[in-house]
Structures are given as C-alpha cells and as structure tokens.
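Novice: sequence first, then the predicted structure:
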Amino acid sequence: MRPCNAYGAGKVFAEAACRWYTETTGVSTVCLRIGTVLWPDRPRNERHFSTWLSHRDLAGHVNAAVLAPPKVRSAVTWAVSANTWRIWDVGDGTDWRYQPCDDAERFR
C-alpha cells in the first residue's frame, strides 16, 4: 500500500482496521474500493472510461462481498465495471469476486 494523499491514507487505515478486526474477532470483512458511480448511470469524461462502475455492477460487487464464502477472511477488492480501458484488477472469474458485465465504451 502506498497512498498518495490523506484521503488515500484514510482508506488504507480503514482497510487495515478491517483486517485487524477479522484477526481479533474472527468475523470476516470485505472492503470494496468503489469506482466512479454516477447519476445518470453513464461516464461523463475521459477518465470515467477506465473507472466507471455501473449501478448494476455495483449491486453485483456488493452482493458478492456479502455472500463471500467462509474461506474469505479479510479481503480488499476493486469494484469497477468491465470497462475496455479499466485500470484496476477485479479477478479472472476463478474466485468468489463478482465478474462485471457493463463497459463504459458503449457510451462513446
């Protein structure tokens, strides 16, 4: 972890606190690093073509986190749509994480 500002440091702290909570209580935690969620549900600028998270994919990521199998003790994962220009890894479909289906590219 290498946050670049106070906001990022706060997020890293919260993720570390969740990890500590899991290790001290046995209760599992899943932290979602949520991409760009907008209303209306579409990208607005160039950056959003890599960071956009559709409302449908947001619901899918949250559902997967809530229903994560017991083997998932403490996890941090990106929640972003399947954008052609996505910059964050959401897994390869072989684990418990949600596989997004929307792509910001359809709005170009």
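Specialist: Sure thing, it's come through.
Novice: ok, which stretches of the protein are helices?
Specialist: For the chain, applying DSSP state H gives helices covering 6-25, 48-51, 55-66.
Novice: out of those helices, flag the one nearest residue 90.
Specialist: When these are compared by C-beta to C-beta, helix 55-66 sits nearest residue 90, at 8.1 Å. Just so you know, the C-beta spots here come from the backbone N, C-alpha and C atoms, and that holds for glycine as well.
Novice: which of the helices of the chain is buried the deepest?
Specialist: Sort those by mean neighbour count, taking mean count of other C-beta atoms under 10 Å, and helix 48-51 sits at the top with a mean of 19.
Novice: next, format the helices of the chain as a markdown table and append distance to residue 87 and mean pLDDT.
Specialist: As requested, these are arranged in a markdown table below (distance: least, C-beta to C-beta, whole Å; pLDDT from 0 to 100):
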| stretch | distance to residue 87 | mean pLDDT |
| --- | --- | --- |
| helix 6-25 | 15 | 96 |
| helix 48-51 | 5 | 98 |
| helix 55-66 | 15 | 97 |
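Novice: make TSV from those helices and add distance to residue 31 to it.
Specialist: Conversion of these to TSV gives the following (distance: least, C-beta to C-beta, whole Å):
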stretch	distance to residue 31
helix 6-25	5
helix 48-51	17
helix 55-66	8
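Novice: looking at those, which is closest to residue 104?
Specialist: helix 48-51 (4.7 Å).
Novice: quick revisit: who wins for proximity to residue 74 among the helices of the chain?
Specialist: helix 6-25 (4.1 Å).
Novice: what packs against the closest one?
Specialist: strand 29-34, strand 74-79 (3 or more C-beta pairs under 8 Å, 6 or more residues apart in numbering; DSSP states H and E).
Novice: can you list contacts of it?
Specialist: 1, 3, 27-29, 31, 33, 73-74, 76 (C-beta atoms under 8 Å, 6 or more residues apart in numbering).
Novice: ok so, going back, out of the helices and strands packed on helix 6-25, which is the most enclosed?
Specialist: Scoring these by mean count of other C-beta under 10 Å, the most buried comes out as strand 74-79, with a mean of 20.
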